[in-house]
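S.K.: Here is the input, now give the coordinates:
(one chain, ligands or ions: 2)
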Amino acid sequence: MNGMTRRRFLRQGGALLAAGSLPLSLVEIAFGKSSPENFSFAFLSDSHITHIKGKEFVRNWDRGLIRAVAETNLLDPRPDFIFYGGDIAQLGTPEEIDHGLELLGGLRGDIHYIMGEHDYYLDLGEHWRKQLGPDHYSFDHKGVHFVVLNSILTYDEWTHDKWDTPLRRMKEMARLDNPQGSPFMVGEEQRAWLRNDLAGIDKDTPIVVMSHSPLQKIYKGWNFWTEDAEQVQELLKPFTKVTVLYGHVHQIQYNQIGNISFNSAMATAWPWPYPASFTQEASYLPRLTVNMNRADPFFERDATGWQFINMHTGDVDVHYILPDNRNRVVAFNDKLGHPADTVYQPEPDRIPPQRHY
Ligand SMILES: [Fe+2]
Ligand SMILES: [Fe+2]
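M.R.: Numbering: from 1, shown residues only. Ligands and ions are numbered 1, 2, ... in the order given. The predicted structure is shown next:
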């Protein structure tokens, strides 16, 4: 081949030969099935749009989402698509969901949605599904396989038998530190669906899983937790490169468990404190996570934000945009083999966390 290696020939010349004359396996190699292209997408989450009455909504939460939408529209280059990480609404009413969708309708580009518990526990997702379609699905994009799960389901008994009214159920699930609450889970049905979905995927294809709650166990008292996390992780184990991106926690978290990198999203509405700084108990954060410094009570939007995500060769770099705080970048570090804060990861560079008591 005149000095050109077979692999290079396939990469450079494969497209010219086109599908017709090559067996399928060679076409797959030629189009780089295992070498994903670089691209970016935006990730907005947790707007908690709150209805007051009539046409009135809590202005502060509206403002967070409006600004995130405006800044996403100014991105250059354009992100390939946008993910919305769940909790559009506060109490899951049609008014809240529709108002949130109206504000998100200002986004230029396709949006993929993830179900949050605040969208679900009033009518068990009926209005959300009517507006947005299925709550779990997958698609391929530029050599990366994306999977969306509804991770905020719980035991049928808790959901169906315990409450006088749907609103009561919603309000119970909306609270932190609630002894009457119930842990989130993906559930058997979706795990079976996921097993089936992944069955045909090449093990070297990068997988990005999007969920609302973390598919790892951080702090059960606040449902920073998914009960069947290990069973979902097990299904993802055979793949070389997996990233889980999640909302719900309203704070920066990142972790590495085996082949799986975890990254959280900030909320456009409000920040949660880190569990350890609030409860004064042992740290529940993944070991790798460097807390972010916050929150300044004199800035009502402090420690809220949104994310722009670069995918390169299957790795995820999360750019946290925090309008009233310092922006942060948490990127997969090849040498260390896990995500790391590009500025604050080394111990001497860390900003001491503020205390909330
Ligand atoms: Fe939330
Ligand atoms: Fe949530």
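S.K.: For the stretch 1-150 of the chain, list the residues in contact with ligand 2, please.
M.R.: Residues of the stretch 1-150 of the chain that fall close to ligand 2, judged by CB under 5 Å from the ion: 87, 116, 117. Bear in mind the C-beta positions are built from the backbone N, C-alpha and C, glycine included.
S.K.: Please name the residues that touch the first one.
M.R.: Contact criterion CB atoms under 8 Å, 6 or more residues apart in numbering gives 45-48, 116-119, 212, 247-248, 267, 269 as the residues in contact with residue 87.
S.K.: Report how many residues lie close to whatever residue of the stretch 101-250 of the chain ends up closest to ligand 1.
M.R.: Nearest to ligand 1, among the residues of the stretch 101-250 of the chain, is residue 248, at 5.3 Å (CB to the ion). Residue 248: 30 surrounding residues under other CB atoms under 10 Å.
S.K.: helix, strand or coil for it?
M.R.: Per DSSP: H, G, I helix; E, B strand; the rest coil, the local secondary structure of residue 248 is coil.
S.K.: Phi first, then psi, for it.
M.R.: phi 70, psi -40 (degrees, to the nearest 10).
S.K.: Excluding covalently adjacent residues, which one is nearest to residue 351?
M.R.: Counting by CB to CB, 6 or more residues apart in numbering, residue 351 lies nearest to residue 293, which is 4.2 Å off, once chain neighbours are set aside.
S.K.: repeat for residue 267
M.R.: residue 46 (3.4 Å).
S.K.: Let me see the contact set for the residue in the stretch 151-300 of the chain positioned nearest to ligand 2.
M.R.: Proximity of the stretch 151-300 of the chain to ligand 2 (CB to the ion) peaks at residue 248, 3.8 Å away. Residues near residue 248 by CB under 8 Å, 6+ apart: 45-46, 85-87, 116-117, 152, 212-214, 223-224, 264.
S.K.: Okay, helices next: where are they in the stretch 101-250 of the chain?
M.R.: 117-120, 126-132, 156-161, 166-173, 188-199, 229-236 (DSSP state H, counting those that start in this stretch).
S.K.: got those as a markdown table, with mean neighbour count and mean pLDDT columns?
M.R.: Listed next are those as a markdown table, based on neighbours: other CB atoms under 10 Å; pLDDT from 0 to 100:
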| stretch | mean neighbour count | mean pLDDT |
| --- | --- | --- |
| helix 117-120 | 27 | 98 |
| helix 126-132 | 17 | 98 |
| helix 156-161 | 11 | 95 |
| helix 166-173 | 17 | 96 |
| helix 188-199 | 14 | 98 |
| helix 229-236 | 18 | 98 |
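S.K.: Please identify which of those is closest to residue 64.
M.R.: Proximity to residue 64 (CB to CB) singles out helix 117-120 among the helices of the stretch 101-250 of the chain, at 14.7 Å.
S.K.: which strands and helices sit next to the closest one?
M.R.: In terms of contacts (3 or more CB pairs under 8 Å, 6 or more residues apart in numbering; DSSP states H and E), helix 117-120 is packed against helix 166-173.
S.K.: quick one: the helix it packs on near ligand 2?
M.R.: No - figure legend: helix 166-173 not in contact with ligand 2 (CB under 5 Å from the ion); closest approach 8.9 Å.
S.K.: gap between that helix and the chain center?
M.R.: Centroid separation for helix 166-173 versus its chain: 24 Å, with CA atoms, centre = their mean, to the nearest Å.
S.K.: Other residues contacting it?
M.R.: 91-92, 117-118, 121-124, 159, 162-163, 178, 180-182.
S.K.: at 7 Å instead, please
M.R.: Applying CB atoms under 7 Å, 6 or more residues apart in numbering, the contact partners of helix 166-173 are 91, 92, 117, 121, 122, 123, 163, 178, 180, 181.
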